[in-house]
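1. Below is the sequence, then the predicted model.
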Amino acid sequence: MAEEEKSAFDQLYDKVEAAVADLTTLKVVTAVGDVNLSQEVVEKDGVKSQTHAETYQNAKAILSTIDLIDGDIMTVIDEVFINEGSYIPVRDDHLERIQSAQEIVEANVKLLKSLVDAVGDILTNIQTQSKTQGG
């Protein structure tokens with residue numbers, strides 16, 4: 001079925017499915033030093049969304065990325081978090097936050113999967129009713 005032929009419900013289902021796929025990567029950043037964070041509300045096609053920007057100029061940082069589907073975990077860590085005692089509590093806090101964030105995201109992914117399944121069930125019922133009514 002071509003994109004322009006999809007019903008509004010099919011398009012909604014595709015968007016929810018894409019959102020679930022986007023939520024399968026967890027990124028945790030801990031930075032100490034010159035860090036700038038900014039948020040901005042952007043409107044595109046009548047839909048408002050928030051954008052986030054980060055810069056870590058001259059900062060010491062730990063970056064962990066977790067693929068919640070494959071289970072792959074990648075961590076990049078500045079050596080200061082290993083070698084200097086005063087940074088070790090920050091490193092340990094980062095590791096605790098990874099665990100907490102992963103649990104929260106996994107719960108959210110399950111919730112979104114339930115939402116996708118519910119939307120799928122609704123779409124199936126609508127299509128079935130449409131077919132039985134001759135549509």
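-> Perfect, thanks for sending it.

2. can you map out the helices along the protein?
-> With DSSP state H as the criterion, the chain has helices at 8-22, 80-83, 88-132.

3. could I get those as a markdown table with distance to Tyr56 and mean neighbour count?
-> Placement of C-beta: from N, CA and C, glycine included. Shown next, in a markdown table, are these (distance: least, C-beta to C-beta, whole Å; neighbours: other C-beta atoms under 10 Å):
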| stretch | distance to Tyr56 | mean neighbour count |
| --- | --- | --- |
| helix 8-22 | 23 | 13 |
| helix 80-83 | 13 | 14 |
| helix 88-132 | 14 | 13 |
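
4. Go through those helices and name the closest to Leu63.
-> Among the helices of the chain, the nearest to Leu63 by C-beta to C-beta is helix 88-132 (9.4 Å).

5. the inter-axis angle of that closest one versus helix 8-22?
-> 160 degrees (axes from the mean of the first three to the mean of the last three C-alpha atoms, to 10 degrees).

6. what packs against the lowest-mean-pLDDT helix or strand in the chain?
-> Lowest by mean pLDDT, DSSP states H and E among the helices and strands of the chain is helix 8-22, with a mean of 74. Applying 3 or more C-beta pairs under 8 Å, 6 or more residues apart in numbering; DSSP states H and E, one finds that helix 8-22 contacts helix 88-132.

7. Look up phi and psi at the closest residue in space to Asp14 that isn't next to it in sequence.
-> Distances taken as C-beta to C-beta, 6 or more residues apart in numbering put Lys6 closest to Asp14, at 7.3 Å, once the chain neighbours are dropped. Backbone geometry at Lys6, expressed as degrees, to the nearest 10, gives phi -70, psi 140.

8. For Lys6, give its distance to Leu123.
-> Distance from Lys6 to Leu123, counting by C-beta to C-beta, to the nearest Å: 11 Å.

9. would you turn the helices of the chain into TSV with distance to Asp45?
-> As requested, those are exported to TSV (distance: least, C-beta to C-beta, whole Å):
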stretch	distance to Asp45
helix 8-22	13
helix 80-83	42
helix 88-132	21
